[in-house]
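>>> compute the structure for the input listed below.
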Amino acid sequence: MNALRLIYHYLRIGVMNELQYQINFWLQLLQSSVALAVGLVGLSLVFQHTSDLAGWSRAELLAVMGVHILIGGVVAALIQPNMLRLMEDVKDGTLDFALLKPVEAQLLVSVREIRLWRLVDLVIGVVLLVVALLQLGGRLSPQALLIFGVALLCGVIMIYSFWLMLTCVAFWIVRVDEILNLFEGLYAAGRWPVGIYPGWLRAILTFLVPVAFAITVPAEALTGRLEVTTLALALALAGGLFTLARIVWRIGLRHYAGASA
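Now for the predicted structure:
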């Protein structure tokens, strides 16, 4: 309960701060709309020359795009701002303020910041998923909806864990901006099913940067393509990455020399 109360209070404060700058909502809406239009144009151009892409129909690829935008909104609103602040705290030696508080430090550094208006992408992603489902002519049963939710949660956990591990590099290397930019570039590849890429890139997006499991697997759950073994592997990978991120975080703290050092 203490953890939930902590999350609630920080999110409430973050939302109140964001609501002071409502112009950011319109700017974000414009930016998200342009990005959506570019994605839809790209999808339309692809299907002017083929009826499917690596076995994926237009509606199924729309579902992939929806998951990609949805998770991207969660990352931009909740994960990325906290990781960037953590990186700055490590560099400036101000992480002490978080470490000295009587709460779990990893939880605290993961919920201190929120970019409320970036959740526009989450709404757009949900709309795309609904449209894709309607185009597929199917309805999600409670069981299918649960599987989709589990796969989506696994995807968010994987992305969070990977971001945390990348950010923890700051405990050893001051400048890690380029590494984070590399991750963002690889994440952009997730707007397409991982199966369309060559084997070497597919391996990177599956096991090194878990974009395949984070995005393609939830889309497979929504479109009825997901196999039980794939879901089990996604669950195992999410748990493994979270555990590994936890270990890297603890090791990083041992190398931290803050303002009080």
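>>> average pLDDT across the helix or strand containing L86?
Here L86 sits within helix 80-92, counting by DSSP states H and E. Across helix 80-92, pLDDT averages out at 89.
>>> again, but for stretch 14-29
Stretch 14-29 shows a mean pLDDT of 79.
>>> which residue comes closest to L19 once chain neighbours are left out?
The shortest distance from L19 to any non-neighbouring residue, by Cβ to Cβ, 6 or more residues apart in numbering, is to L116 (7.2 Å). Placement of C-beta: from N, CA and C, glycine included.
>>> helices of the protein, start to end?
Ranges of helices in the chain, per DSSP state H, are 2-18, 23-46, 58-74, 80-92, 96-99, 105-111, 120-136, 142-168, 177-188, 199-203, 211, 217-223, 228-254.
>>> flag whichever of those helices has the least confidence on average.
For the helices of the chain, mean pLDDT drops lowest on helix 177-188, to a mean of 73.
>>> who's in contact with it?
72, 75, 83, 159, 162-163, 166-167, 169, 204-205, 209, 211 (Cβ atoms under 8 Å, 6 or more residues apart in numbering).
>>> tell me the angle it makes with helix 142-168.
Angle of helix 177-188 versus helix 142-168, following axes from the mean of the first three to the mean of the last three Cα atoms, to 10 degrees, is 160 degrees.
>>> now helix 177-188, how far from the centre of its chain.
Taking Cα atoms, centre = their mean, to the nearest Å, one finds helix 177-188 lying 12 Å from the centre of the chain it belongs to.
>>> what's the angle between it and helix 80-92?
Orientation check (the same axes, to 10 degrees): helix 177-188 against helix 80-92 gives 160 degrees.
>>> that older thread, and the contacts of helix 177-188 as JSON lines, adding distance to N17 and neighbour count?
Converted to JSON lines, the contacts of helix 177-188 look like this (distance: Cβ to Cβ, whole Å; neighbours: other Cβ atoms under 10 Å):
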{"residue": "G72", "distance to N17": "22", "neighbour count": "25"}
{"residue": "V75", "distance to N17": "19", "neighbour count": "21"}
{"residue": "M83", "distance to N17": "18", "neighbour count": "23"}
{"residue": "I159", "distance to N17": "24", "neighbour count": "27"}
{"residue": "F162", "distance to N17": "27", "neighbour count": "22"}
{"residue": "W163", "distance to N17": "22", "neighbour count": "22"}
{"residue": "L166", "distance to N17": "26", "neighbour count": "19"}
{"residue": "T167", "distance to N17": "22", "neighbour count": "26"}
{"residue": "V169", "distance to N17": "28", "neighbour count": "17"}
{"residue": "I204", "distance to N17": "37", "neighbour count": "16"}
{"residue": "L205", "distance to N17": "35", "neighbour count": "22"}
{"residue": "V209", "distance to N17": "31", "neighbour count": "20"}
{"residue": "V211", "distance to N17": "31", "neighbour count": "25"}
